[in-house]
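>>> sequence? don't have it. structure:
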């Protein structure tokens, strides 16, 4: 009798776990995949950076944001739950390992939903040990305000702080001009 009850309890738990994504998100989840390229480059060769002292603070770093895109799609709730918990944010890049500059990046997203609610969240993809090019991709879903249909407005602001080797304080501390995008989550049809 105890084995039968234990078996029934186990089946109920497994079924509840299997149905949880559908119970939470429904049968389809609207998502917005935001991606862009980010570049932080030094205009001086590695040897020149090492020769700088703290009294020389030249503007030797160039930062840029390009290829911003937002792709709206639907996912099944299992795919979304897995992506949300394992790969919500991806940063892939080619670091220029030669100059050793410490690059700190903060990405601020300001999402305005169709009903006028403003949601602000930050992403800090970590401290890079060098400069280079990166592609950043983030998956936005119901927890991030993509929970209704209509027109959304997204403003992306990136702050970059660069400290070259041998410097105690950053020589670059800038916010790039915000990128403003509008996208639409369509009504299911």
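All right, it came through fine. Keep in mind that this is a model prediction, so the values were computed, not measured. Numbering: from 1, shown residues only.

>>> how close does residue 36 get to residue 106?
With distances defined as Cβ to Cβ, to the nearest Å, the gap from residue 36 to residue 106 amounts to 14 Å. Yep, even glycine has a C-beta here, placed from its N, CA and C like the rest.

>>> Comparing the two, which residue is more hemmed in?
residue 36 (20 against 14; other Cβ atoms under 10 Å).

>>> Please name the nearest non-neighbouring residue to the more buried one.
The spatially closest residue to residue 36, leaving aside those adjacent along the chain, is residue 68, at 4.3 Å (Cβ to Cβ, 6 or more residues apart in numbering).

>>> and the one you found, what does it touch?
When contacts are counted by Cβ atoms under 8 Å, 6 or more residues apart in numbering, residue 68 is found next to 34-36, 156, 179, 181.

>>> For those, which PyMOL command selects only the ones that are buried?
Entered in PyMOL, the line below selects the buried ones among these, by 16 or more other Cβ atoms under 10 Å:
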select buried, resi 34+36+156
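
>>> Closest one of the contacts of residue 68 to residue 142?
The shortest approach to residue 142 among the contacts of residue 68 belongs to residue 34, at 15.2 Å (Cβ to Cβ).

>>> pLDDT score assigned to the closest one?
Per-residue confidence at residue 34 stands at 90 (pLDDT).

>>> Equivalent analysis for residue 154, please.
The predicted structure scores residue 154 at 93 on the pLDDT scale.

>>> Residues in a beta bridge with it, which ones?
residue 111, residue 181 (DSSP bridges).

>>> what's the answer for residue 150, then?
For residue 150, the beta-bridge assignment (DSSP bridges) gives partners residue 185.

>>> I'd like the numbering to begin with 7 instead of 1 from here.
New numbering, starting at 7: the last item is residue 156.

>>> count of neighbours near residue 9?
As a burial measure, the neighbour count of residue 9 was computed by other Cβ under 10 Å and equals 7.

>>> helix, strand or coil for it?
Going by DSSP: H, G, I helix; E, B strand; the rest coil, the secondary structure assigned to residue 9 is helix.

>>> can you check residue 176 too?
Assigned state for residue 176: coil (three-state reduction, three-state DSSP).

>>> which stretches of the chain have low pLDDT?
Counting by pLDDT under 70, the chain contains low-confidence ranges at 20-32, 48-67, 93-94, 96-97, 99-106, 132-137, 194-195.

>>> center of this protein - which residue?
For the chain, the residue lying nearest the average C-alpha position, counting by Cα atoms, centre = their mean, turns out to be residue 144 (3.9 Å).

>>> Distance check, that residue against residue 129.
Distance of residue 144 to residue 129, computed by Cβ to Cβ: 6 Å.

>>> quick one: the strands in the chain?
Along the chain, the segments classed as strands by DSSP state E run 35-48, 67-81, 95-102, 108-118, 124-129, 133-134, 137-146, 156-169, 178-181, 185-191.

>>> buried set for the longest one?
Neighbour counts using 16+ other Cβ under 10 Å place 67, 69, 71, 76, 81 of strand 67-81 among the buried residues.
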